[in-house]
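In: Quick one, what's the 3D model for this:
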Amino acid sequence: MKLTCQRDHFFLPKDTHYLNCAFMSPLSREVEEAGIRGIRKKRNPATLRPEDFFQDSDRVRTLFAELIHAPEPERIAIIPSVSYGMAIVTRNLRPRPGQKIVVPRAQFPSNIYPWKRLALDTGAELQIIDPPEQEASRGAAWNEAILHAIDERTALLAIAPVHWADGTRFDLKRLRERTRQVGAWMVLDGTQAIGALPFDVQEIQPEALVCAGYKWLFGPYSIGLAYFSSAFDEGRPLEENWITRKDSDQFERLVNYQGAYQPGAIRYDVGERSNFILLPMLIAGLQHVRSWTPEGIQTYCAELMEDTLKRLVAAGFRIEHPPYRAHHLLGIRIPPGASIDCIKTALHDHNVSVSIRGDAIRVSPHVYNHEEDTQALYEALMAAL
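Out: Here you go, the predicted structure:
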């Protein structure tokens, strides 16, 4: 079924044109209510049962596993942030001195700082691949440069399905094939893709996929999810908390300390993962995504932006062409001679919320947007020229 505008699920003011889901998704009415119910649950802790510490966690794992087509929900860990998930990787991957960690230029800091530290601690080399200066076929050329950098010395490729700043789409399938050829790991920051862009973990088979929950998953801040492959099955978690151990659901036996963890990636769960406020909110957000589907979101955003993008290109703005950009997150580069400061002022004056990231105007629509939002964007950008 073709998606229609879902603005009624949200509290967005009528005069605000929020094209900025890549910054943070708005809370839907359903997600907000789930959080309020969670707060009220703490009023009387006597009503909490042992199973309440596990049911929402299991539900979140199942919903996220379905979203990324992972057949085993126990491969999903509940984490507080992307940096936490990446720290799990650095704890369990030890490159040899002289090996390489390959990353694209200007990734989000949580997908750079861990690798800087890992390189420093192990003597590995951090190789940062710059985007090409060319305007035509920029995305294709950047993908080729990254592919060429992956060689027999590569221990890890740390990348994202789409670049967080300008929406450049990376060819994960080709890159995964190359890392497999040389025996390197692939670790993905899925924050700006999972939930809005179709993704199949069985097709790409990364060692790890780490994702914040407060953007395209429509959850609250301070909770995220990560997929860890069998490469991590005997790994060491960041924390040694009680709930990740075998038989942790038997409260009366918790002092019978267990050496064994629960299966799969559950050992990597953050402490106090059974958050009675955040988990219900994330469940509600994931249910939205399941209802809309990433395929439906891509189609909706493509049709919503199509006319506006054509008019902006005709006015001299520059936009990457598919297949090297997604429809939910794209970078618009200004014409020569235009002022980014004037553009910021015009966007503010027209109540258009987007992000400026590097040299790109980052526009990230979703199903709560409609034609009035894209028209306001067009008018703001044209007013700044």
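In: so who does residue 352 touch?
Out: If you count contacts by C-beta atoms under 8 Å, 6 or more residues apart in numbering, residue 352 has them with 17, 19, 373, 376-377, 380. Any C-beta I mention is one placed from the backbone N, CA and C, and that applies to glycine too.
In: what about the residue lying closest to residue 39 once chain neighbours are set aside, neighbour count?
Out: Leaving aside its chain neighbours, residue 39 sits nearest to residue 277 (5.8 Å; criterion: C-beta to C-beta, 6 or more residues apart in numbering). Applying other C-beta atoms under 10 Å, we find 19 residues neighbouring residue 277.
In: Look at residue 277 and report its pLDDT.
Out: Looking at residue 277, its pLDDT is 97.
In: separation between it and residue 211?
Out: 20 Å (C-beta to C-beta, to the nearest Å).
In: Please apply the same query to residue 347.
Out: Separation of residue 347 from residue 211 (C-beta to C-beta): 28 Å.
In: re the thing from before, any chance of the contacts of residue 352 in CSV, with neighbour count, secondary structure and pLDDT too?
Out: Listed next are those as CSV, based on neighbours: other C-beta atoms under 10 Å; DSSP: H, G, I helix; E, B strand; the rest coil; pLDDT from 0 to 100:
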residue, neighbour count, secondary structure, pLDDT
17, 25, strand, 98
19, 26, coil, 98
373, 25, helix, 98
376, 19, helix, 98
377, 26, helix, 98
380, 22, helix, 98
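In: So, low pLDDT: which residues of this protein?
Out: By pLDDT under 70, the chain has no low-scoring segment.
In: quick check: domain ranges of this protein?
Out: Listed domain ranges for the chain are 7-27+293-383, 40-291 (source: automatic domain parsing).
In: who wins for proximity to residue 33 among those domains?
Out: The closest of the domains of the chain to residue 33 is domain 40-291. By C-beta to C-beta, the value is 7.7 Å.
In: Start and end of that closest one, how far apart?
Out: 27 Å (C-alpha to C-alpha, to the nearest Å).
In: One more: stretch 109-128?
Out: In stretch 109-128, first residue to last residue: 13 Å (C-alpha to C-alpha).
In: Just to be sure, residue 227 is in a helix?
Out: No: Residue 227 is assigned strand when assessed by DSSP: H, G, I helix; E, B strand; the rest coil, not a helix.
In: hang on, the earlier thing: is it possible to get TSV of the domains of the chain that adds distance to residue 1?
Out: Listed next are the domains of the chain as TSV, based on distance: least, C-beta to C-beta, whole Å:
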stretch	distance to residue 1
domain 7-27+293-383	8
domain 40-291	10
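In: In contact with residue 351, which residues?
Out: Contacts of residue 351 by C-beta under 8 Å, 6+ apart are 15-17, 376.
In: If you could redo that for residue 86, that was the one I meant.
Out: 110-111, 114, 158, 187, 189, 210.
In: one more time with 7 Å
Out: Neighbouring residues of residue 86 by C-beta atoms under 7 Å, 6 or more residues apart in numbering: 110-111, 114, 210.
In: Next step: those restricted to helices.
Out: Using DSSP state H, residue 114 are the members of those that sit in helices.
In: Turn the contacts of residue 86 into a markdown table, including distance to residue 365.
Out: Shown next, in a markdown table, are these (distance: C-beta to C-beta, whole Å):
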| residue | distance to residue 365 |
| --- | --- |
| 110 | 24 |
| 111 | 24 |
| 114 | 30 |
| 210 | 24 |
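In: out of the contacts of residue 86, what pair is the most spread apart?
Out: 114 and 210 (10.1 Å).
In: which one of the two has more residues nearby?
Out: Neighbours per residue (other C-beta under 10 Å) separate residue 114 from residue 210, with residue 210 holding more: 31 against 22.
In: Would you confirm that the more buried one contacts residue 226?
Out: Yes: judged on C-beta atoms under 7 Å, residue 210 makes contact with residue 226 at a distance of 4.5 Å.
In: Spit out the residues that contact those two alike.
Out: residue 85.
In: Who's the closest spatial neighbour of residue 267, skipping the chain neighbours?
Out: The spatially closest residue to residue 267, leaving aside those adjacent along the chain, is residue 261, at 3.8 Å (C-beta to C-beta, 6+ apart).
In: State the distance from that neighbour to residue 175.
Out: From residue 261 to residue 175 the distance is 31 Å (C-beta to C-beta).
In: Contacts only, for residue 35.
Out: Residue 35 makes contacts with 220, 277, 280-281, as judged by C-beta under 7 Å, 6+ apart.
In: host element of it?
Out: helix 29-41 (DSSP states H and E).
In: quick one: buried residues of that helix?
Out: 30-32, 34-35, 38 (16 or more other C-beta atoms under 10 Å).
In: Tell me the one of those nearest residue 182?
Out: Nearest to residue 182, judged by C-beta to C-beta, of the buried residues of helix 29-41 is residue 31 at 42.3 Å.
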